[in-house]
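**Q** this one's structure only:
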């Protein structure tokens, strides 16, 4: 659950888009990672945002349905609150500065 690179954030966006499109098509979707708290929570939250939920509502739903410990990585919550596209650009600036 370390800071994500711009490529990782792009992958999160792509996975969330795939999941939200599947839901809109009437399919069931399973998103999971090793522990099911942060990485899968980030993808799930972004998918919920793409489906029309606010970031706060998406985080609440994930914590309510999965665990109060879900999305306990503050950086991942910051990514969502900033917007993944903007976070990807800002992260890219940080990595090119050195």
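**A** Sure thing, it's come through. Model, not experiment: these values are computed from the prediction.
**Q** Setting aside sequence neighbours, what's the nearest residue to the residue nearest in space to the middle of the chain?
**A** The centre of the chain sits closest to residue 42, judged by CA atoms, centre = their mean, with a distance of 2.4 Å. With sequence-adjacent residues excluded and distances taken as CB to CB, 6 or more residues apart in numbering, residue 42 is closest to residue 76, at 4.8 Å. Quick note: C-beta positions are derived from backbone N, CA and C, even for glycine.
**Q** any idea which helix or strand carries the one you found?
**A** Using DSSP states H and E, residue 76 sits within helix 74-82.
**Q** Show me what that helix is packed against.
**A** Contacts defined by 3 or more CB pairs under 8 Å, 6 or more residues apart in numbering; DSSP states H and E place helix 74-82 against helix 39-50, helix 55-65, helix 84-96.
**Q** Switch those over to JSON lines; also include distance to residue 72.
**A** Formatted as JSON lines, these follow (distance: least, CB to CB, whole Å):
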{"stretch": "helix 39-50", "distance to residue 72": "9"}
{"stretch": "helix 55-65", "distance to residue 72": "9"}
{"stretch": "helix 84-96", "distance to residue 72": "18"}
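**Q** hey, which of those is tucked in deepest?
**A** Mean neighbours per residue, mean count of other CB atoms under 10 Å, is largest over these for helix 39-50, with a mean of 24.
**Q** what's the angle between that one and helix 84-96?
**A** Interaxial angle of helix 39-50 relative to helix 84-96 (axes from the mean of the first three to the mean of the last three CA atoms, to 10 degrees): 130 degrees.
**Q** What is helix 39-50 packed up against?
**A** helix 6-24, helix 55-65, helix 74-82.
**Q** what do you get if the cut-off is 10 Å, keeping everything else the same?
**A** Applying 3 or more CB pairs under 10 Å, 6 or more residues apart in numbering; DSSP states H and E, we find helix 39-50 packed against helix 6-24, helix 55-65, helix 74-82, helix 84-96.
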